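*Asks:* what follows is a predicted protein model with its sequence.
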Amino acid sequence: MLSRRTLVWTSMAAGLMAGLAGLASSADRRGENTGWRPISWPFPRDGWPDGRAWRGAGGTEVYLRPKLGFCGNCDTGVVADEEVDRVTDIDLLDERFAAVRAGAPVRIATLSGRARLYRLKAKDGTPRLAEAIAVSRKCDLVVAIVVGNVADEPTRHAAHRFLESDTVQVWLAQQLEGR
């Protein structure tokens, strides 16, 4: 039989471990362990369900949402800049967006597609840069917009790493589940 003192210490240690595990799990869900925190979905309702949005260091923002069954070509996925322009919701930020340069192939986790850099104006008239990303799996499209200093490679790569993080990929897998 264990002493009362041993039972108390064991119970306290187990409670401390459970509390730390819960705290770590909570931080991962909020993206705090990656430096990103969730923000509210800023776009008005349209024909697609709301997505998720996060803000990272330096004010970089990431908006992400799946568009199930929307990929124009289920065999090749997104391969043309015009399709990136059309499907990524970049017009929700500024209807008069302008491409800075031709897009390039991109891979986010297991999804591949195309990304393109745009110049746009914020609602207050401030010029901004945004990278629009359209990737697909079968006939499902996943679109992301990264707003911030995306001409800076480390900033852009940090946003891409975040899109590949468990915080994002677990949520995205739930959205694509069974498809």
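*Replies:* Received it, and whenever you're ready, just let me know what you need.
*Asks:* strands of the protein, start to end?
*Replies:* For the chain, the strands defined by DSSP state E occupy 37-39, 52-55, 61-67, 98-99, 104-108, 111-121, 127-137, 140-147.
*Asks:* how far away is Ala151 from Lys121?
*Replies:* 16 Å (CB to CB, to the nearest Å). To be clear about C-beta, it is placed using only N, CA and C from the backbone, and glycine gets the same treatment.
*Asks:* of the two, who's got more company?
*Replies:* In this view Ala151 and Lys121 are compared by other CB atoms under 10 Å, and Lys121 has more residues nearby, 15 against 12.
*Asks:* spatially nearest residue to the more buried one, not counting backbone neighbours?
*Replies:* Closest residue to Lys121 apart from its sequence neighbours, by CB to CB, 6 or more residues apart in numbering: Asp94 at 5.3 Å.
*Asks:* counting neighbours, what do you get for that neighbour?
*Replies:* By other CB under 10 Å, the residues close to Asp94 number 17.
*Asks:* pretty sure it is touching Leu120, no?
*Replies:* Yes. Using CB atoms under 8 Å, Asp94 is in contact with Leu120, at 3.6 Å.
*Asks:* identify all contacting residues around stretch 58-69.
*Replies:* For stretch 58-69, the external contacting residues (CB atoms under 8 Å, 6 or more residues apart in numbering) are 36, 39, 41-43, 48-56, 87, 89, 139-150, 155, 158-159, 162-163, 168, 172, 175-176, 179.
*Asks:* returning to what we had before: might you report the residue contacts of the residue nearest to Lys121?
*Replies:* Leu120, Lys121, Ala122.
*Asks:* again with Leu120
*Replies:* If you count contacts by CB under 8 Å, 6+ apart, Leu120 has them with Ile90, Leu93, Asp94, Arg96, Phe97, Ala98, Pro127, Arg128, Leu129, Ala130.
*Asks:* distance of the residue nearest to Leu163 when sequence neighbours are not counted relative to Pro66?
*Replies:* Distance criterion CB to CB, 6+ apart; nearest residue to Leu163, sequence neighbours excluded, is Ile108 at 4.9 Å. Ile108 is 12 Å from Pro66, where distance means CB to CB.
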